[in-house]
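Q: the following block contains a protein sequence and its predicted model.
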Amino acid sequence: MTEITRDPRIIIFFAAVFASLLILAPMPSEDGLKTRLKYGLDLEGGSWLQLKLQGAIIQPQVDPIKILEKQFGDAFGAPVEVEWRQATTEYHITVEGRVTRAQVDDLGYPQATVTPRGEATRISIATSPIGVMMNYLQTSLDSDVRYLGPDPISFEVRSNVTREALDALLAEVGGTLAPGEAGFSEGVSEDTVDETKLILDRKLNRLGLADIKVRVVDNKFILIDLAGVTVTDAQEIVGKPGLFEIRIQTKANESMHVLYGSEIVDVSLPSGDRAGNWGVPFTLSEEGARAFQKAAIDTGATKNRMDHEVSMHLDNDLIFSAPLAQDLAASLEVAPMRSMIAQVGPDSQRAHELYIHLREGALPVNVEIIGSGQVTAALGEQFKKQVLIAGILAMLAAGFMVFYRYRRPKIVVPMVATSFSEVLMMLAIAALLNWQLDLAALAGLIVVIGTGIDHLVIITDELLYEGKMPSGKVYLARLSSAFGIIMAAAATMIVAMLPLFGMGFGAFKSFALITIAGVLIGVLIARPAYGRIIGRIMQEERQ
Amino acid sequence: MDPETFISKYEPRKMVAISLAVFAVAFAILGFTYINTGSPVRLGVEFTGGTIVTVPVIESEGELAAKLAGYPVLDLRDVGHRYMVQMGPMSDADYRQLSAMITSEYRDPEIKYMGPVYSARLIEQAKTYIPLSFLFMAVVIFLIFRTPFVAMTVIFAAFSDIVIAAACMTVVGVSLSMGTVAALLMLIGYSVDSNILLNMRVFKRKGKIEDKIAGAFRTGFAMTTTTLSAVVALFLVATFSYLVSPAFTQINILFDISIVLIFGITAGLMNTWVMNSNALRWYLARPKKAPARRQKR
């Protein structure tokens, strides 16, 4: 017996089983004894949301001069001449007839200088070719557009736009999108995804929800698992995070975009002053403060504050509008201001509402719910019990089948014990690697019990060939031939499981993981040891 | 029947033909479904987009149906102390209303919503990944077996297992879900198991081919029935445990996985022991131009 106890396969096997038992042993924790196993939402209870970020990354190929010709030509119905001055990074546009500053403003160029020249008007716009493209996309798509980089020129459109719509838009100015995926791909840039994810994380943490998992897939999907929350609440919380926006009035009924909620870095609780006026103090990021100052100056709000009110919008609904305070207007003339207070008057309730809006409406892009669901904790508990019963029955049934075949407890008992040890090791690996055991994973585990015993049958039969146990070299040859079969079967099973990692946001990833883990544990740890043990038992029987 | 007589009694070609006929029927069923619906198997809600709700039975089916009158209900059935309702695609507003109603009126509801974006993506993925997985499997099999004829029989058997399992799904009305896809993929792995056993035994051992096949069959049959018994246990618990306790209900995902595996593993028994073992007999008995490469090892 000394020889077998020193066999490395046996040592590894028993060490692995022992380690698995240690890992799986219930440990005292805050809420009583708990094992380290983590269950999926469908067993633990909770809800999940699958969100799609609306946006596209595009590479337009277009001549900015043509854009300006079209924009100004359409606006004034007169021949237009456009000239690009590289030295001063200015576009000079000459339009026949008279053009007012306000008309140019409308086209999205508030910083232009307009000078009459004889019968014509000359407009100088200090902007780059990129600026012109961005302006064209922004105004014609009515959406936020971000410049991503120069090589090749690409932009992120932050709305639900189609390739066809963009193609049509660019065709009007003699441009196109770069061919293929590069020219147009649904999704947003990594920065935007990260920003969105961060905001969602913060928001969920603020609500004090435990066990939140926010994952990003393919730069356009965000998956959120919320333990212990109903799907209705989950949707309320994250499904429709409002798009918060600050705008400044340009004309009587028009306003321009200044910044989104993402530029608001801090919001304090509403406070009232001695006169009973309530306000919500908030702080802008440096970038936001600069954008705010620039917009206030460009629109003329610093000079004529009553005609250029600052408004706040949540999902395009107006939630607040007021002129700049006099001292703020004066300060903005000289420098960007980061701290401001949104004054709402004597209504503290309204101040509180505004506070909530300011804090929560901060996603840079709109999201669409593309999938969601929930299982309650009680139902999950019930599923767990059923799966446990199924597992026990499966093992009994498989044990019964091998007993029926071999009718020798000396073979059947080690076989069932080995199979059981494989289950232990699979669970231990799941606990160790923090896999979430969901229904699919447990189904995989039960099925692997079947395959595991399968392979033990192959080993046993290979060794028992010709009805008796061979000895020495023949035994080893047989064993290695059995392992040839098992290895080949394991390799195909692993390859077959690969698609499940990608499909449906990995809904069956756990199934694939458990199956692969089971196959590997079986092949590398449990079955080599079983081969030795069963060989030893048979040899003793023979003697 | 005694495996020896079963193996050697019949003409190999006849046995192969029987298996091919079963495959042809299964293939025809998928083809017919494809012509009628545009997809070889009936697609479940995960692939078409829609909502699945299960709620405890607290009223009659009619009452529940009346409650859901405004929604695109496709199917409503009793799954053991619970009703399962499948609904087609609906607007976001409708879905919100529905989920609010369900969560407020029922204890322990289960809701699953798959939007059109999700299901379109899933179909794309299924179309790309499943053939890819099959291709990888084929490569692995070629690497293992090297002899093209043998590799082809193994690959064909795997394909036939999947086709027969999918056809059986259509016949008994199980639609394609993530669970059934996972099970179909698993069949690729399973079907290879017993074929490898068969081939290793036939090519690596000395003796009469019929004896070797009979020996392999005894082992193969034992291993397949063990797996099958575990899967049947899973199927019974997933499907009928509600009869034992009022707390239990049918578990869809387990039902899907186990029923497809039962079909596929059974088909695998036929494809390995009726088709491939006889194909091997024929292959080794054919007039030889060159000896089979691996036979001597």
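A: Looks like it came in fine.
Q: and A:V375, backbone torsions?
A: Per-residue torsions, A:V375: phi -140, psi 140 (degrees, to the nearest 10).
Q: meant to ask about A:I341
A: Torsion angles, degrees, to the nearest 10, at A:I341: phi -130, psi 130.
Q: same thing with A:W84?
A: The phi/psi pair for A:W84 (degrees, to the nearest 10) is phi -110, psi 120.
Q: what about the spatially most central residue of chain A, distance to A:L243?
A: Chain A has A:V216 as the residue nearest its centroid, 1.9 Å off, counting by CA atoms, centre = their mean. Relative to A:L243, A:V216 is positioned 19 Å away (CB to CB, to the nearest Å). For glycine as for every other residue, the C-beta is placed from the backbone atoms N, C-alpha and C.
Q: returning to what we had before: the residue nearest to the centre of chain A: which element?
A: If you go by DSSP states H and E, A:V216 is part of strand A:212-217.
Q: downstream of that strand, the next helix or strand is which one?
A: strand A:221-227.
Q: what are the buried residues along that next one?
A: A:F221, A:I222, A:L223, A:I224, A:D225, A:L226, A:A227 (16 or more other CB atoms under 10 Å in any protein chain shown).
Q: so which of the residues you listed would count as near chain B as well?
A: Among the buried residues of strand A:221-227, not one lies near chain B by CB under 8 Å from any CB of the partner chain.
Q: and which of those residues is nearest to B:P131?
A: Nearest to B:P131 among these: A:F221, at 23.6 Å, using CB to CB.
Q: list the residues that contact the closest one.
A: A:Q50, A:L51, A:K52, A:L53, A:I370, A:F505 (CB atoms under 8 Å, 6 or more residues apart in numbering or on different chains).
Q: return the member of the residues you listed nearest to B:M178.
A: Nearest to B:M178 among these, with distances taken as CB to CB, is A:F505, at 10.2 Å.
Q: doesn't the closest one belong to a helix?
A: Yes. Membership of A:F505 in a helix is supported by DSSP: H, G, I helix; E, B strand; the rest coil.
Q: distance of it from A:I222?
A: 10 Å.
Q: pull up the overlap in contacts between the two.
A: With CB under 8 Å, 6+ apart as the test, A:F505 and A:I222 both reach A:Q50.
Q: could the contacts of A:F221 be laid out in CSV, adding secondary structure, pLDDT and neighbour count?
A: Output for the contacts of A:F221, formatted as CSV (DSSP: H, G, I helix; E, B strand; the rest coil; pLDDT from 0 to 100; neighbours: other CB atoms under 10 Å in any protein chain shown):
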residue, secondary structure, pLDDT, neighbour count
A:Q50, strand, 88, 26
A:L51, strand, 86, 26
A:K52, strand, 86, 24
A:L53, strand, 86, 25
A:I370, strand, 86, 22
A:F505, helix, 82, 20
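Q: tell me which two of those sit farthest apart.
A: Taking CB to CB, no two of those sit farther apart than A:L53 and A:F505, at 14.1 Å.
Q: quick one: residues in contact with stretch A:92-110.
A: A:68, A:71-72, A:75-76, A:78-85, A:112, A:114, A:116-117, A:119-125, A:127, A:135, A:138-139, A:250-251, A:256, A:298-299.
Q: just the buried residues of strand A:221-227 now: which is nearest chain B?
A: A:F221 (8.6 Å; CB to the nearest CB).
Q: name the nearest residue to residue 88, ignoring sequence neighbours.
A: Just so you know, I chose chain A. A:A126 (7.4 Å; CB to CB, 6 or more residues apart in numbering or on different chains).
Q: switch to chain B, please.
A: Closest to B:G88 by CB to CB, 6+ apart is B:P72, at 3.9 Å.
Q: distance check, the spatially most central residue of chain B against chain A.
A: Centroid check for chain B by CA atoms, centre = their mean gives B:V260 as the closest residue, at 3.4 Å. Note on B:V260: its distance to chain A, by CB to the nearest CB, to the nearest Å, is 11 Å.
Q: can you show me the helices along chain B?
A: B:3-9, B:12-37, B:45-48, B:61-67, B:92-105, B:116-145, B:148-172, B:178-204, B:209-240, B:252-269, B:277-285 (DSSP state H).
Q: tell me which parts of the stretch 1-150 of chain B are close to chain A?
A: Residues of the stretch 1-150 of chain B lying close to chain A by CB under 8 Å from any CB are B:46, B:92, B:96, B:99-100, B:103, B:107-118, B:122, B:125-126, B:129-130, B:132-133, B:136-137, B:140-141, B:144.
Q: what's the first helix or strand after the helix or strand hosting A:V495?
A: Element membership of A:V495, judged by DSSP H and E, is helix A:472-497. The C-terminal neighbour of helix A:472-497 among helices and strands, as given by DSSP H and E, is helix A:499-502.
Q: I'd like to know which helix or strand in chain B has the lowest mean pLDDT.
A: helix B:3-9 (a mean of 69; mean pLDDT, DSSP states H and E).
Q: sorry, back to before: buried members of the residues of the stretch 1-150 of chain B next to chain A into PyMOL, please.
A: Typed into PyMOL, the line below selects the buried ones among these, using 16+ other CB under 10 Å:
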select buried, chain B and resi 46+96+99+100+103+108+109+110+111+112+113+114+115+117+118+122+125+126+129+130+133+136+137+140+141+144
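Q: tally of neighbours for the residue nearest to the residue nearest to the centre of chain B when sequence neighbours are not counted?
A: With sequence-adjacent residues excluded and distances taken as CB to CB, 6+ apart, B:V260 is closest to B:A183, at 3.7 Å. Using other CB atoms under 10 Å in any protein chain shown, B:A183 has 28 neighbouring residues.
Q: wait, isn't B:A183 in contact with B:G264?
A: Yes. At 7.1 Å, B:A183 and B:G264 qualify as touching, with contact defined as CB atoms under 8 Å.
Q: give the residues shared as contacts by the two.
A: B:A165.
Q: and the residue lying closest to B:M169 once chain neighbours are set aside, its phi and psi?
A: Sequence neighbours aside, B:V41 is the residue nearest to B:M169 in space, at 5.9 Å (criterion: CB to CB, 6+ apart). The phi and psi values for B:V41, taken as degrees, to the nearest 10, are phi -130, psi 160.
Q: no more questions from me, cheers.
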